[in-house]
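# Please find the sequence and the predicted model below.
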Amino acid sequence: MFWFLKFLIPKLIIKDPNANQIDALLESVDLSSYGLERVKLNHSIGLDAGETELEPQNPNPCSAYGGNEEHAPLNEIILSFNERWFQDWGATPEEQRIKFITIADGIKAHPDFPEKYQKNPDVHTRILAFEKKFEDVMLKSQRNGLELYKRRTNDPAFKAAMQQSLRQMVA
(Lines give C-alpha, C1' and ligand atoms only; values in the text may rest on other atoms or scores of the structure.)
Protein backbone atom coordinates (compact mmCIF):
# COMPACT_ATOMS: atom_id res chain seq x y z
CA MET A 1 0.00 0.00 0.00
CA PHE A 2 2.85 2.39 0.90
CA TRP A 3 4.65 1.94 -2.42
CA PHE A 4 1.44 2.20 -4.36
CA LEU A 5 0.41 5.47 -2.67
CA LYS A 6 3.94 6.87 -2.79
CA PHE A 7 3.77 7.03 -6.58
CA LEU A 8 0.04 7.67 -6.86
CA ILE A 9 -0.32 10.73 -4.61
CA PRO A 10 1.96 13.04 -6.66
CA LYS A 11 -0.10 12.19 -9.77
CA LEU A 12 -3.42 13.17 -8.21
CA ILE A 13 -4.85 16.48 -9.37
CA ILE A 14 -6.40 18.42 -6.53
CA LYS A 15 -8.90 21.08 -7.44
CA ASP A 16 -8.89 23.85 -4.86
CA PRO A 17 -11.80 26.28 -5.25
CA ASN A 18 -9.87 29.01 -3.39
CA ALA A 19 -6.78 28.82 -5.61
CA ASN A 20 -8.23 31.21 -8.21
CA GLN A 21 -9.14 33.72 -5.48
CA ILE A 22 -5.61 33.72 -4.10
CA ASP A 23 -4.12 34.17 -7.58
CA ALA A 24 -6.54 37.04 -8.28
CA LEU A 25 -5.58 38.70 -4.98
CA LEU A 26 -1.86 38.43 -5.72
CA GLU A 27 -2.34 39.85 -9.21
CA SER A 28 -4.44 42.75 -7.94
CA VAL A 29 -1.64 44.05 -5.67
CA ASP A 30 1.06 46.06 -7.41
CA LEU A 31 4.10 45.22 -5.29
CA SER A 32 6.31 47.64 -7.20
CA SER A 33 4.39 50.52 -5.61
CA TYR A 34 5.76 49.44 -2.21
CA GLY A 35 9.41 49.52 -3.30
CA LEU A 36 11.85 52.38 -2.80
CA GLU A 37 12.69 54.44 -5.82
CA ARG A 38 15.87 56.42 -6.22
CA VAL A 39 15.04 59.66 -7.99
CA LYS A 40 18.32 61.59 -7.77
CA LEU A 41 21.96 60.55 -7.55
CA ASN A 42 24.52 62.32 -5.35
CA HIS A 43 21.90 64.68 -4.00
CA SER A 44 22.25 66.02 -0.46
CA ILE A 45 19.46 67.25 1.75
CA GLY A 46 19.90 70.79 2.98
CA LEU A 47 19.05 71.46 6.62
CA ASP A 48 18.41 74.76 8.33
CA ALA A 49 21.34 75.76 10.54
CA GLY A 50 19.06 77.37 13.15
CA GLU A 51 17.64 75.66 16.18
CA THR A 52 14.32 74.01 15.45
CA GLU A 53 11.87 71.75 17.20
CA LEU A 54 10.32 68.79 15.49
CA GLU A 55 6.68 68.10 16.29
CA PRO A 56 5.70 64.47 16.73
CA GLN A 57 3.88 62.84 13.85
CA ASN A 58 1.01 61.87 16.15
CA PRO A 59 0.72 64.13 19.21
CA ASN A 60 -1.50 61.56 20.96
CA PRO A 61 0.47 58.32 20.69
CA CYS A 62 -1.06 55.20 22.08
CA SER A 63 0.78 52.07 23.01
CA ALA A 64 -0.13 48.48 23.55
CA TYR A 65 -0.57 49.25 27.25
CA GLY A 66 -3.05 52.05 26.60
CA GLY A 67 -1.31 55.04 28.12
CA ASN A 68 1.63 56.45 29.96
CA GLU A 69 1.09 54.27 33.01
CA GLU A 70 4.18 52.49 34.22
CA HIS A 71 3.96 48.73 34.18
CA ALA A 72 6.38 46.45 35.93
CA PRO A 73 7.13 43.59 33.53
CA LEU A 74 7.46 41.06 36.37
CA ASN A 75 4.05 42.04 37.74
CA GLU A 76 2.49 41.73 34.27
CA ILE A 77 4.01 38.27 33.78
CA ILE A 78 2.86 37.05 37.19
CA LEU A 79 -0.60 38.53 36.77
CA SER A 80 -1.18 36.97 33.34
CA PHE A 81 0.18 33.60 34.51
CA ASN A 82 -1.98 33.59 37.64
CA GLU A 83 -5.11 34.65 35.77
CA ARG A 84 -4.69 31.81 33.32
CA TRP A 85 -3.59 28.96 35.56
CA PHE A 86 -4.49 29.70 39.19
CA GLN A 87 -8.15 30.69 39.04
CA ASP A 88 -9.10 27.91 41.46
CA TRP A 89 -6.01 28.17 43.67
CA GLY A 90 -6.94 29.44 47.12
CA ALA A 91 -3.81 31.56 47.57
CA THR A 92 -4.00 35.33 47.62
CA PRO A 93 -2.33 37.30 44.81
CA GLU A 94 0.50 38.22 47.16
CA GLU A 95 1.09 34.55 48.07
CA GLN A 96 1.06 33.65 44.37
CA ARG A 97 3.55 36.43 43.66
CA ILE A 98 5.87 35.29 46.47
CA LYS A 99 5.74 31.68 45.23
CA PHE A 100 6.45 32.71 41.64
CA ILE A 101 9.38 34.95 42.66
CA THR A 102 10.75 32.25 44.96
CA ILE A 103 10.77 29.75 42.11
CA ALA A 104 12.45 32.27 39.77
CA ASP A 105 15.08 33.09 42.42
CA GLY A 106 15.65 29.37 43.02
CA ILE A 107 16.27 28.81 39.32
CA LYS A 108 18.73 31.74 39.19
CA ALA A 109 20.51 30.47 42.33
CA HIS A 110 20.99 26.95 40.92
CA PRO A 111 24.74 26.21 40.71
CA ASP A 112 24.63 25.26 37.01
CA PHE A 113 22.41 28.17 35.95
CA PRO A 114 25.09 30.61 34.69
CA GLU A 115 27.12 28.14 32.65
CA LYS A 116 24.36 25.87 31.35
CA TYR A 117 21.68 28.49 30.74
CA GLN A 118 22.91 32.09 30.65
CA LYS A 119 26.19 31.49 28.81
CA ASN A 120 24.89 28.69 26.57
CA PRO A 121 24.56 29.87 22.93
CA ASP A 122 22.55 26.82 21.77
CA VAL A 123 18.82 27.51 22.13
CA HIS A 124 17.78 23.86 22.31
CA THR A 125 20.20 22.92 25.09
CA ARG A 126 19.29 26.14 26.93
CA ILE A 127 15.66 25.04 26.98
CA LEU A 128 16.62 21.57 28.21
CA ALA A 129 18.87 23.07 30.91
CA PHE A 130 16.08 25.41 32.02
CA GLU A 131 13.59 22.54 32.24
CA LYS A 132 16.06 20.60 34.41
CA LYS A 133 16.62 23.58 36.73
CA PHE A 134 12.87 24.16 36.91
CA GLU A 135 12.20 20.54 37.90
CA ASP A 136 14.97 20.66 40.54
CA VAL A 137 13.59 23.85 42.10
CA MET A 138 10.00 22.60 42.04
CA LEU A 139 11.02 19.30 43.66
CA LYS A 140 12.95 21.17 46.36
CA SER A 141 9.97 23.45 46.98
CA GLN A 142 7.66 20.45 47.21
CA ARG A 143 9.99 18.74 49.69
CA ASN A 144 10.16 21.86 51.86
CA GLY A 145 6.37 22.10 52.03
CA LEU A 146 6.04 18.40 52.76
CA GLU A 147 8.71 18.54 55.49
CA LEU A 148 6.86 21.38 57.21
CA TYR A 149 3.58 19.44 57.01
CA LYS A 150 5.21 16.23 58.34
CA ARG A 151 6.96 18.06 61.15
CA ARG A 152 3.75 19.81 62.17
CA THR A 153 1.80 16.54 62.29
CA ASN A 154 4.52 14.35 63.86
CA ASP A 155 6.08 16.75 66.38
CA PRO A 156 3.62 18.19 68.93
CA ALA A 157 6.33 20.42 70.44
CA PHE A 158 7.05 21.97 67.03
CA LYS A 159 3.32 22.47 66.43
CA ALA A 160 2.87 24.16 69.82
CA ALA A 161 5.93 26.38 69.32
CA MET A 162 4.75 27.35 65.82
CA GLN A 163 1.27 28.18 67.09
CA GLN A 164 2.73 30.22 69.96
CA SER A 165 4.97 32.18 67.62
CA LEU A 166 2.13 32.82 65.20
CA ARG A 167 -0.16 33.96 68.05
CA GLN A 168 2.49 36.50 69.07
CA MET A 169 2.88 37.62 65.50
CA VAL A 170 -0.85 38.00 64.89
CA ALA A 171 -1.54 39.85 68.14
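Right, received. Where do you want to start?

# which helix in the chain runs the most residues?
Criterion DSSP state H: the longest helix present in the chain is helix 123-154.

# now it: how far from the chain's centre is it?
Put simply, helix 123-154 sits 21 Å off its chain's centre (Cα atoms, centre = their mean, to the nearest Å).

# Output the contacting helices and strands for the following helix or strand past it.
Reading on from helix 123-154 to the C-terminus, the next helix or strand found by DSSP states H and E is helix 156-170. Here helix 156-170 touches helix 123-154, going by 3 or more Cβ pairs under 8 Å, 6 or more residues apart in numbering; DSSP states H and E. To be clear about C-beta, it is placed using only N, CA and C from the backbone, and glycine gets the same treatment.

# Run the angle between the longest helix of the chain and helix 156-170 for me.
If you take axes from the mean of the first three to the mean of the last three Cα atoms, to 10 degrees, helix 123-154 sits at 100 degrees to helix 156-170.

# buried residues in helix 123-154?
Buried positions in helix 123-154, judged by neighbour count with 16 or more other Cβ atoms under 10 Å: 129-130, 133, 137.
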